[in-house]
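*Asks:* attaching a predicted model along with its sequence, questions to come.
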Amino acid sequence: MRRLLFLLLFLLICSTPSFGAPKQVTVGVVTDGPSFRMDKVISFINEEIQLLTKNEFDVRLKKSKRLDGGWQRNGIESALSRLYKDPEVDIVIALGFGSAAVAVSLEDHPKPTLASVILNHHLVNAPNKGNSSGKHNLAYISIQADLATELKTFREVVDFTNIALLSDSLMMEVMPALATEGTKVATETGIKIFPVLHGGTGDDLVSRLPSDIDAVLIGALPRLDEAQTAKLLNKLIELGLPSYSLTGSHLVEQGALATAVPSENWQRRTRRLALDLQAVLFGDDPKDMKVFVEDRRRLILNMETARRLRISPPFDVMLEAQKLNDEPESATVRWTLSEAAKRALLENLGIRASKLGVEAGAKQVDEARANLFPQLSIGVDQQLRDDSNPSVVSGGIAEKQGTASLTLSQVIYNESTWANLDIVQAQQTARIAEDNQTKLDVIQDAAIAFLDVLKSQTLMKIRRVNLEQSRTNLGLARDRAKVGSATFADVYRWESELAQAKADLLGTEATLRQNQESLNRLLNRPLAEQFTLEPATLQDENLIMNDPELSGLIENRADFQRLSKILIQDGLDRSPEIASLLAKIIAQKRTLKSEKRSFWLPTITLAGEYSNTYHDSRPDFLSQEGKDDWLLGVNLSLPLFEGGARSRRVERAQLTLRQLCVQLQDTTNTIEQTIRGRLHTTHASKLSIDLNRTAAEASKKNFDLILDGYSKGTTGVVDLVDAQKSALTAELTAANAAWQFLIDLMNLQRATGAFDFFLDDTQRSAAVQAIKNNLSSGE
């Protein structure tokens, strides 16, 4: 009995397959011809298949079972026939436009056959039953391409009437209906289409382009390698021909102008192919598998190509499109923050005007000083009198007389003259201080404009991401509405959100352009000039706050108060506003002193004159002709009564002086308050950087969770919209925080009257040491 049981157990074990040993399946692949691009696609397919079937099937895409058709229809047919007859091959994949078209046209498919991809099932007369082939052992992927749609999209970017269609000759061989379709579309659109077929290595497409075309459609050109493709695209640009890719955005990345086929589409098709193969492994007949793939369309533009072609797409197209190389690489002007500030100091027109005012003021001082020096003048007096005048008749006065004179005068003392010199000198000091104020203001404006440009560029990127996310969510809502897991209310909500995202992006872009023009104006550059900026960072070594010696010295409120005291004193000492008022007070004190002295100080003037009568019409015994005369005198004058005007001038001078003193105190208080306020703001904005970044990361995680739930149908559109808005707000706030800190720092440095990037290494070290000593002293 025991022997019988042992024998039965042995037979059972031997007759049962080993547990965990997956079934081996060999997949044969037919491609159009040898191509490095197809090797990449096959590798991706293999990765997807292994991911889907691991632990269940041992799927092998052996290199020995990969055949190509040599770019000929009969070669593809022969390769398919070989795989069908190969007993080691279980499943056949026809990969490529040509191979797929040939595979679906066969009468019989002895083995499960998956064809990917065909342009349109009508063009290859593929069997079709609803959304499946309806033919045993055949499944295919059709992208339902429409030439008229692609031409319409291209025409929205640039207008044309004659267009060349570049394509591999294999396409026309396996899809003769393509020529008929092209003729039909040309008739409907009024566009003349000129096919230019590529026949392989050494075939120069450019030399065969018709001379009267004004645009190019680029279809499948699998026999061109990367270098040949790049050369073709560059040559089209040199010829001034805009190009549109029918096969994907990889050509736009290389230099084509536009496409509406995102690069991720081929990956989606490949995953679809892997899923179909998995279904075959589980026993499904390919005839029931879905064949139509709705590719996602999105206009993609290469803006560098557009600039080289001098093409400017319409505003609505630019708003909808994804733009590559949006920032011009050709911008020869590049600024760092410190370079922009120094450029503003040298070239700003406001500073130039202020400097000219200082130079004019210096001439005014020289003019006032000149009044203290001797004044020399020359004069000529020619007189003609009535000859009937009794004095003329008697000879007492000459009828005709000419006199030349030289006059010298010197102020011995004049209070108003001396006071005027002192006053204009003080006013010049005030003018220099105001010039320094103008420089500080312009440097502040230039630095903030620089940071505003960077901030706007960052916000533009965030707005674009939000726009793309809204567009993705709209597509997700449409997909859910199609399958009935959501209503069209979700679609309408996301259409609204998408429109708002576009409006927000437009507003941010307008702000960016305004900030760029503002910076150009401050730097005295052409307002429309393109430039690039070196991003300012919180670790900028030109900023004193980043000096490692100051690290850890400001850790509490007491340290903060000591730093405030240092900065306030420095700000007051350097303030051009205070310097200007002090100079004006000096000038006003001198005015008051002069007005008081006018009561008792006389004006003393020394004057002398030498004259010669060079003509006298009287008789010789009366004539003074040829005789010299001279005069020397001293004049002393003191006004005794002016109707009270002198007293009023004294009173007015006293009131003006008091006004300036009050203004000085108010300005001092204002500067101290400004420094304190900006120090508080800068401190808070620095601490908020990490906090806002943490908030943004948390909001992003929350959004990802809700988005995942929405895609699975477990959360609603309201929750997703709220989560996206919250994530957007948090991201904008986090991006603003870093730039706002630098802006606040520029405002603080303006308030203290000095900017870090104008200090040399010695000055910077001295400033750091002074702050360090004051903070360490604990005073």
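*Replies:* On my side now, so go ahead.

*Asks:* please parse this protein into its domains.
*Replies:* With domains defined by automatic domain parsing, the chain comprises 147-265+296-324, 345-359+424-525, 374-413+603-637, 544-571+690-777.

*Asks:* nearest to Glu367, of those domains?
*Replies:* Closest to Glu367 of the domains of the chain is domain 345-359+424-525 (C-beta to C-beta; 8.0 Å). Every residue, glycine included, has its C-beta placed from N, CA and C.

*Asks:* so what's the gap between the closest one and the chain middle?
*Replies:* The gap between where domain 345-359+424-525 is centred and where its chain is centred comes out at 9 Å by C-alpha atoms, centre = their mean, to the nearest Å.

*Asks:* ok, now how distant is the spatially most central residue of the chain from Thr511?
*Replies:* Centroid-nearest residue in the chain, with C-alpha atoms, centre = their mean: Gln457, separated by 4.0 Å. Distance of Gln457 to Thr511, given as C-beta to C-beta, to the nearest Å: 10 Å.

*Asks:* same question for Val30.
*Replies:* 55 Å.

*Asks:* repeat that for Gln322.
*Replies:* Relative to Thr511, Gln322 is positioned 21 Å away (C-beta to C-beta).

*Asks:* next one: Arg271
*Replies:* Distance of Arg271 to Thr511, computed by C-beta to C-beta: 41 Å.

*Asks:* which residue ranges of the stretch 101-250 of the chain form strands?
*Replies:* Using DSSP state E, counting those that start in this stretch, the strands of the stretch 101-250 of the chain run over residues 113-118, 138-142, 162-168, 192-198, 215-218, 243-245.

*Asks:* include mean neighbour count, distance to Asn612 and mean pLDDT when you put the ones you listed into CSV, please.
*Replies:* Formatted as CSV, the strands of the stretch 101-250 of the chain follow (neighbours: other C-beta atoms under 10 Å; distance: least, C-beta to C-beta, whole Å; pLDDT from 0 to 100):
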stretch, mean neighbour count, distance to Asn612, mean pLDDT
strand 113-118, 28, 114, 89
strand 138-142, 26, 117, 90
strand 162-168, 22, 96, 92
strand 192-198, 18, 101, 91
strand 215-218, 24, 94, 93
strand 243-245, 27, 95, 94
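
*Asks:* okay if I get those strands as TSV plus distance to Val358?
*Replies:* Listed next are the strands of the stretch 101-250 of the chain as TSV, based on distance: least, C-beta to C-beta, whole Å:
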stretch	distance to Val358
strand 113-118	75
strand 138-142	77
strand 162-168	65
strand 192-198	69
strand 215-218	60
strand 243-245	59
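
*Asks:* sorry, back to before: wait, isn't the residue nearest to the centre of the chain in contact with Leu512?
*Replies:* Yes: using C-beta atoms under 8 Å, Gln457 is in contact with Leu512, at 6.4 Å.

*Asks:* that older thread, the more surrounded of Val30 and Thr511?
*Replies:* Set Val30 next to Thr511 and count neighbours by other C-beta atoms under 10 Å: Val30 wins out with 30 against 16.

*Asks:* for beta bridges, what are the partners of that one?
*Replies:* For Val30, the beta-bridge partners under DSSP bridges are Leu67, Ala94.

*Asks:* what pLDDT does it get?
*Replies:* We have a pLDDT of 93 for Val30.

*Asks:* same check on Gln673?
*Replies:* Gln673 carries a pLDDT value of 94.

*Asks:* mind listing what's buried in stretch 400-419?
*Replies:* Neighbour-count burial for stretch 400-419 flags 401-403, 405, 411, 414-415, 418-419 (criterion: 16 or more other C-beta atoms under 10 Å).

*Asks:* tell me which of these fall in strands.
*Replies:* Counting by DSSP state E, the part of the buried residues of stretch 400-419 found in strands is 401-403, 405, 411.

*Asks:* quick one: buried residues of stretch 292-311?
*Replies:* Neighbour counts using 16+ other C-beta under 10 Å place 293, 295, 298-306, 308-309, 311 of stretch 292-311 among the buried residues.

*Asks:* same deal with stretch 24-44?
*Replies:* Of the residues in stretch 24-44, 25-33, 35, 37-38, 41-42, 44 count as buried by neighbour count, 16+ other C-beta under 10 Å.

*Asks:* which of these sits closest to Thr183?
*Replies:* Nearest member of those to Thr183, counting by C-beta to C-beta, is Asp32, at 24.8 Å.

*Asks:* roughly how far apart are that closest one and Thr180?
*Replies:* From Asp32 across to Thr180, the span is 22 Å (C-beta to C-beta).

*Asks:* what's the answer for Arg574, then?
*Replies:* Distance, Arg574 to Thr180, by C-beta to C-beta: 82 Å.

*Asks:* the two - which one has more neighbours?
*Replies:* More crowded of Arg574 and Thr180, by other C-beta under 10 Å: Arg574, with 15 against 11.

*Asks:* test my guess that that one contacts Ala751.
*Replies:* No: at 10.1 Å, Arg574 and Ala751 do not qualify as touching, with contact defined as C-beta under 8 Å.

*Asks:* thinking again about what came up before, out of the buried residues of stretch 24-44, which are inside strands?
*Replies:* Members of the buried residues of stretch 24-44 lying in strands (criterion: DSSP E): 25-31.

*Asks:* can I get the residues you listed in a markdown table with distance to Lys231?
*Replies:* Below are those laid out as a markdown table (distance: C-beta to C-beta, whole Å):
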| residue | distance to Lys231 |
| --- | --- |
| Val25 | 42 |
| Thr26 | 40 |
| Val27 | 36 |
| Gly28 | 35 |
| Val29 | 30 |
| Val30 | 30 |
| Thr31 | 24 |
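
*Asks:* mind checking which of the buried residues of stretch 292-311 are in helices?
*Replies:* Using DSSP state H, 303-306, 308-309 are the members of the buried residues of stretch 292-311 that sit in helices.

*Asks:* may I see those residues organised as CSV, with pLDDT and distance to Pro242 added?
*Replies:* Shown next, in CSV, are those (pLDDT from 0 to 100; distance: C-beta to C-beta, whole Å):
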residue, pLDDT, distance to Pro242
Met303, 92, 13
Glu304, 92, 13
Thr305, 94, 8
Ala306, 93, 8
Arg308, 92, 10
Leu309, 93, 6
